[in-house]
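>>> Coordinates only, no sequence provided:
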Ligand SMILES: NC(=O)c1ccc[n+]([C@@H]2O[C@H](COP(=O)([O-])OP(=O)(O)OC[C@H]3O[C@@H](n4cnc5c(N)ncnc54)[C@H](OP(=O)(O)O)[C@@H]3O)[C@@H](O)[C@H]2O)c1
C-alpha cells in the first residue's frame, strides 16, 4: 500500500463541522491553498463570506442527512471528518446513551460520512480523507470520549486499507488541547487551531498516514511501547 498526496489547489473539499473551531480553520487553510470550492457543514444553517464556500446543513449522526449531503457534494476529492462532540461521560457512571451519543458522532459519524463519500472520492485519480482524532485515542482520562476516539483511530486504520485500491489516502490527525469551544472550560495550554489546520493540509498534499500535531501527541504515541504505568506516570508528572 503506497500513499499518494492530493492536490488542494483547484480541488473541491468537504469539511464536517466547518463552521467553527478546528473545522473553520481547516476551511480557511484549504481556501488559502487555492481550493476551488469547500463545502463547510454545520447542524444549523450559517453563512460564509468567501464565494468559494458552499455551506451545507449536515448531522453526521443521521443517515438521511449524510445521504442528502452526498447528493449535493458530488465533486469532492478531499473529505475532512472533523465533526465531533465531547460530553464528559465517566465510563462507570454516565448514562450509556450519552456514551453511545459520543460514539454515534465521533465513530459512526466518520463511518457514515466516509461510506457515503467513498464513491465520490473514487471518481478522482487521487483523493484524501483526514479524520480528526486525538491524543486521547491512545490514553484515557476515564470518559466515553476517549472510547470514541480510540475506536475512530481503529476505524481510520481500517478505512485506509479499504480505500487504498481506489486511490484514497486516509490520514489520522492526533492532537491534544486546541483553543476551541470544546475546551472553553479547560485551563491548560492549547494549540492554535490554525496551526493544526496547516498540518492537516500538509498531510493532504503529501499523503501522510498520520499527523502528530503537537508535543503531547508525539510523547504519548512514543510511550505506547512502554509499560502502561510508565506512560500514566509521565502524564501525571507533566
Ligand atoms: N478542542 C480540542 O482540544 C480537541 C482536541 C483533540 C481533538 N479534537 C477534535 O477536533 C474536532 C473538532 O473539534 P473542535 O475542538 O473544533 O470542537 P468545537 O469547536 O466544539 O466544534 C465541533 C464541531 O463539530 C460539529 N458537530 C458536532 N456534532 C455534530 C454532528 N452530530 N453532526 C455534524 N456536525 C457536528 C459542530 O457543529 P455544530 O455547529 O452543528 O454544533 C462543530 O462544527 C472534533 O472531532 C474533536 O473531537 C478537539
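Good, I have the coordinates. All of these numbers come straight from a predicted model, not from anything done at the bench.
>>> Could you measure from the spatially most central residue of the chain over to residue 80?
Centroid-nearest residue in the chain, with C-alpha atoms, centre = their mean: residue 132, separated by 2.0 Å. Distance, residue 132 to residue 80, using C-beta to C-beta, to the nearest Å: 7 Å. (Each C-beta comes from the backbone N, C-alpha and C, glycine too.)
>>> Now do the shared contacts for the two.
Common contacts of residue 132 and residue 80 (C-beta atoms under 8 Å, 6 or more residues apart in numbering): residue 200.
>>> Please read off the pLDDT at the residue nearest to the centre of the chain from the model.
For residue 132, the pLDDT comes out at 99.
>>> In this structure it contacts residue 82, no?
Yes - assessed by C-beta atoms under 8 Å, residue 132 is found in contact with residue 82 at 4.5 Å.
>>> any idea how far the nearest residue to residue 180 once chain neighbours are set aside is from residue 42?
The spatial neighbour of residue 180 that comes closest, neighbours along the chain excluded (C-beta to C-beta, 6 or more residues apart in numbering), is residue 21 at 3.6 Å. For residue 21, the distance to residue 42 equals 11 Å [C-beta to C-beta].
>>> Could I get the contacting residues of residue 155?
107, 110-111, 131.
>>> How about the helix or strand that contains it, which residues are buried there?
Secondary structure from DSSP states H and E places residue 155 in helix 144-163. For helix 144-163, the neighbour count (16 or more other C-beta atoms under 10 Å) marks 144-153, 155-156, 159-160, 163 as buried.
>>> Would you check which pair of these lies furthest apart?
144 and 163 (27.2 Å; C-beta to C-beta).
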